[in-house]
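Engineer: Give me coordinates for this.
(4 chains)
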There are 2 protein chains.
Amino acid sequence: MAATLRDVAREAQVSTATVSRVINGHGNVTNATRARILGIVERLNYVPDSAARSLSTGLTNTIGVLLPDLHGEFFSEIIRGIDQAARRRGLHLLLSGVHGSAAEAALAIRALKGRVDGLLIMSPYADSEFLADHSAGDTPAVLINSPVRGHSHSSLCVDNRGGAGAMVEHLASVGHRRIAFVAGPKDNFDATERLAGYCEAVARLGPGVREFVVPGDFSEASGYRAAQRLMTLDERPDAVFAANDMTALGCLLAFKEAGVSVPGDVALAGFDDIPLARFVAPALTTVRVPMAELGARALDGVADAVGAPGATPSSTEIVATELVVRASSGARARMTA
Amino acid sequence: MAATLRDVAREAQVSTATVSRVINGHGNVTNATRARILGIVERLNYVPDSAARSLSTGLTNTIGVLLPDLHGEFFSEIIRGIDQAARRRGLHLLLSGVHGSAAEAALAIRALKGRVDGLLIMSPYADSEFLADHSAGDTPAVLINSPVRGHSHSSLCVDNRGGAGAMVEHLASVGHRRIAFVAGPKDNFDATERLAGYCEAVARLGPGVREFVVPGDFSEASGYRAAQRLMTLDERPDAVFAANDMTALGCLLAFKEAGVSVPGDVALAGFDDIPLARFVAPALTTVRVPMAELGARALDGVADAVGAPGATPSSTEIVATELVVRASSGARARMTA
DNA sequence: ATCGCTAGTGTAAGCGGTTGCATGAGGGGG
DNA sequence: CCCCCTCATGCAACCGCTTACACTAGCGAT
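Structural biologist: Model (predicted):
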């Protein structure tokens, strides 16, 4: 139905090679010929078929993006960053929400073969070994927040540890001593790093501050449960640091329902700085993760690797976080008190 | 580098046709042969090249998704719904954040030629005419919330009108009479439909309730300004219905700053039920738009159209909304008073 | 006039699959 | 024992585009 290169060529009385040259802006075509061809392209409403082009050139101009889950603003922001960077470079994005299991992730990766020039992977299962097995190995990839620092692939990590440490120090600096931590999933890299940062900072701060960790799984519900549990304690914490903002919001909800004042009775802090954090009452003190930037940098990394294979083989970049102090940590209250 | 069909065929001493049959599960292959081939496939780590397959079959197993902007939870939710539905069907998603202009949107659409089997479009520029011009015309497409009811394409619309009407009735039922509406962008389809729903309901409710509309543009800032303006009025409204939640949040902020109590002095309602709505204080009464479901149904629509070309040519489905009553509309306050 | 260049164009061989048709080998019924 | 049918497999022609290479014509230099 749709017009093909040959149709254009026939119509213009030239060979397909010439049409191809015109389409791709390669030189060595008379202006007259070029104009004639362009006219016909226009008339026939010809659009090159990308599948054919990909097959022929081996390039797809597409980057595959694997994300663990499309839930929440966190990913929405990352995707936005990725999309912007991709647009800037004229690349397409093949999105894949993943993945109950490593097997599923592997499947997703193979399914991408021939569809993408590079991979952007954010998945708990994606370590280098995994990639070596399943990615053709030739496909450039950048990992976001993955446990393994690149053997053959470069990776981009958020400074979870540093951010968590900074938060603990902030909470301590405004007078809190019993700082509880609501952890994330045990098998999640970010979560364990944040926990580690918390533990290190607590240890650093010395005997006055004690380590206390409750389980959680990054979900709002788990935060809610954690907060309820914390409230039953004999020695209630005077600050709760949740492994991410959603968890913190769950805590907030539980505290509100229980009539516990934040930050009056207990300070609260999260991690991520999702847009929501600004809006809740009290506004949530948190650690900002530059999500859009993270996505954009990752995409740029993949794109560069696609463009210059072999170069910059396996860097590991750390993306800095930023402490964002708002009302929920009680900073102002303490200071004005 | 990577193994091809031919490599497998050579190794297995069969023709490519046979290997192809095995790969695609077509019948008429001896178990012995099949096993041998599968073994070699495994050993060579062969993965079929999708570009080649697409070229050959004309199918990509991919749906192109055009969204106006990847900002905020609204789209994040839609994408999630789309992704889930796509996964369920084994389809890939080619995502394209769009678009300053109709021209850009058009460009994006053509760039998708040969990459996708169908299109999922949510864009202010996407009316039927636009599609007819730019989509090859043969590509099935589903429009989300687009002004034009499908000539050649089917569309999926949120019941903005009904939802807005229900909200007005709710506000009236809890005793409010002077119900102001903060409108959205004049050229936005959702916005105008919501306005229409508001007007209809007001008219329906008779003389006691009067129509009063202030301009806005869906942004938080515009809500803030609108609320400020409403507060200067001689006859202040006792309820403010904002065209979307972000606008309502802007209003809330302005009211708070002005010391106007919500819902004590004025009731407030929004539209969308973004996750944030639950968290603000007072929690926002709003109209829930099932965003994930919207995305999922749209995807299903495209997929069906791809599967059965010609069938179900141009339906227009309406997705129902749901009134979500929370504290901000003062329902409980009135009822217990 | 002859030669060598260059610029413009055509020829055709892929890229890696899919698939209609042909082929050949068994197998059962008459 | 022959015929026909079925099943497993091979052959080869695409799908639409890119591109190395071949070719021709024109032109300046010798």
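
Engineer: Please count neighbours and contacts with C-alpha atoms only from this point.
Structural biologist: Noted.

Engineer: how close does A:V324 get to DNA strand D?
Structural biologist: According to Cα to the nearest atom of the strand, to the nearest Å, A:V324 stands 49 Å off from DNA strand D.

Engineer: ditto for A:I318
Structural biologist: In this view, A:I318 and DNA strand D are 36 Å apart by Cα to the nearest atom of the strand.

Engineer: got a pLDDT number for that residue?
Structural biologist: Listed pLDDT for A:I318 reads 90.

Engineer: Could you verify that it is part of a strand?
Structural biologist: Yes: counting by DSSP: H, G, I helix; E, B strand; the rest coil, A:I318 is part of a strand.

Engineer: what's the neighbour count on it?
Structural biologist: Neighbours of A:I318 under the rule other Cα atoms under 10 Å in any protein chain shown: 14.

Engineer: show me what contacts the residue nearest to it when sequence neighbours are not counted?
Structural biologist: The shortest distance from A:I318 to any non-neighbouring residue, by Cα to Cα, 6 or more residues apart in numbering or on different chains, is to A:C157 (4.8 Å). When contacts are counted by Cα atoms under 8 Å, 6 or more residues apart in numbering or on different chains, A:C157 is found next to A:I144, A:N145, A:S146, A:T316, A:E317, A:I318, A:V319.

Engineer: Pull the residues that contact stretch A:183-201.
Structural biologist: Looking at stretch A:183-201 with Cα under 8 Å, 6+ apart, the contacting residues turn out to be A:124, A:145-147, A:160-166, A:168-169, A:181, A:211, A:213-218, A:242-244.

Engineer: how about a cut-off of 6 Å?
Structural biologist: With Cα atoms under 6 Å, 6 or more residues apart in numbering or on different chains as the test, stretch A:183-201 has contacts from A:P147, A:N160, A:R161, A:A164, A:G165, A:P215, A:G216, A:D217, A:F218, A:A243.

Engineer: same thing with stretch A:31-39?
Structural biologist: A:A12.

Engineer: ok, back up a step: can you tell me the helix or strand for the residue nearest to A:I318?
Structural biologist: Counting by DSSP states H and E, the element that carries A:C157 is strand A:154-158.

Engineer: mind listing what that strand pairs with, with the direction of each?
Structural biologist: Sheet pairing of strand A:154-158 (DSSP bridges) gives strand A:141-144 (parallel), strand A:316-319 (parallel).

Engineer: ok, back up a step: most surrounded residue in the contacts of stretch A:183-201?
Structural biologist: If you count neighbours using other Cα under 10 Å, the busiest of those is A:A243, which has 34 neighbours.

Engineer: which residues does it contact?
Structural biologist: A:V182, A:A183, A:G184, A:F271.

Engineer: 7 Å instead, please
Structural biologist: Neighbouring residues of A:A243 by Cα atoms under 7 Å, 6 or more residues apart in numbering or on different chains: A:V182, A:A183, A:G184, A:A191, A:R194, A:F218, A:G270, A:F271.

Engineer: Which parts of chain A are helices?
Structural biologist: Remark: helices assigned in chain A by DSSP state H are A:5-12, A:16-23, A:31-44, A:50-57, A:72-89, A:102-111, A:128-134, A:160-173, A:189-205, A:220-231, A:245-258, A:276-279, A:291-307, A:331-336.

Engineer: circling back to that earlier point, got the strands paired with strand A:154-158 as a markdown table, with distance to DNA strand C columns?
Structural biologist: Shown next, in a markdown table, are the strands paired with strand A:154-158 (distance: least, Cα to the nearest atom of the strand, whole Å):
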| stretch | distance to DNA strand C |
| --- | --- |
| strand A:141-144 | 20 |
| strand A:316-319 | 31 |
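
Engineer: Pick the most deeply packed of those.
Structural biologist: Counting by mean count of other Cα atoms under 10 Å in any protein chain shown, strand A:141-144 has the highest mean neighbour count of these, with a mean of 28.

Engineer: For A:A86, which residues are in contact?
Structural biologist: A:H92, A:L299.

Engineer: do that again at 10 Å, thanks
Structural biologist: Neighbouring residues of A:A86 by Cα atoms under 10 Å, 6 or more residues apart in numbering or on different chains: A:61-63, A:80, A:92-93, A:295-296, A:299-300, A:303, B:96-97.

Engineer: next one: A:T285
Structural biologist: Listed by Cα under 10 Å, 6+ apart, the contact set of A:T285 reads A:167, A:170-171, A:241, A:245, A:248, A:267-271, A:273, A:277-278, A:323-331.

Engineer: restrict those to those near DNA strand C?
Structural biologist: Among the contacts of A:T285, not one lies near DNA strand C by Cα under 7 Å from any atom of the strand.

Engineer: so which of the residues you listed also contact chain B?
Structural biologist: Subset of those in contact with chain B: A:A277, counting by Cα under 10 Å from any Cα of the partner chain.

Engineer: Got a quick PyMOL command for the buried subset of the contacts of A:T285?
Structural biologist: Buried subset of the contacts of A:T285, written as a PyMOL selection, criterion 16 or more other Cα atoms under 10 Å in any protein chain shown:
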select buried, chain A and resi 167+170+171+241+245+248+267+268+269+270+271+273+277+278+323+324+325+326+327+328+329+330+331
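
Engineer: what's the nearest residue to A:R236 if we skip its chain neighbours?
Structural biologist: Sequence neighbours aside, A:L230 is the residue nearest to A:R236 in space, at 6.4 Å (criterion: Cα to Cα, 6+ apart).

Engineer: Same check on A:V174?
Structural biologist: Using Cα to Cα, 6+ apart and skipping the chain neighbours, the partner closest in space to A:V174 is A:A331 (5.6 Å).

Engineer: Tell me who's in contact with that neighbour.
Structural biologist: A:H170, A:L171, A:S173, A:V174, A:G175, A:H176, A:P263, A:A267, A:T285, A:V325, A:A337.

Engineer: What is the most widely separated pair among these?
Structural biologist: A:T285 and A:A337 (18.7 Å; Cα to Cα).

Engineer: What's the local residue count around the residue nearest to A:V41 when sequence neighbours are not counted?
Structural biologist: Residue nearest to A:V41 in three dimensions, not counting chain neighbours: A:V8, with 6.4 Å by Cα to Cα, 6+ apart. Using other Cα under 10 Å, A:V8 has 25 other residues around it.

Engineer: Output the lowest mean pLDDT helix or strand found in chain A.
Structural biologist: Counting by mean pLDDT, DSSP states H and E, chain A has its least confident helix or strand at helix A:331-336, which shows a mean of 49.

Engineer: Okay, the residue nearest the centre of chain A and chain B: tell me how far apart.
Structural biologist: The centroid of chain A falls nearest to A:I78 when counting by Cα atoms, centre = their mean (4.6 Å). Remark: distance between A:I78 and chain B (Cα to the nearest Cα, to the nearest Å) = 10 Å.

Engineer: What pLDDT does the model give that residue?
Structural biologist: On pLDDT, A:I78 comes in at 89.

Engineer: pretty sure it contacts A:I274?
Structural biologist: No: counting by Cα atoms under 10 Å, A:I78 does not reach A:I274; the two are 11.1 Å apart.

Engineer: Spit out the residues that contact those two alike.
Structural biologist: Common contacts of A:I78 and A:I274, defined by Cα under 10 Å, 6+ apart, comprise A:P290, A:M291.

Engineer: For stretch A:43-59, which residues meet the burial criterion?
Structural biologist: A:N45, A:Y46, A:V47, A:P48, A:D49, A:S50, A:A51, A:A52, A:R53, A:S54, A:L55, A:L59.

Engineer: ditto for stretch A:17-30
Structural biologist: By 16+ other Cα under 10 Å, the buried positions in stretch A:17-30 come out as A:T18, A:V19, A:S20, A:V22, A:I23.
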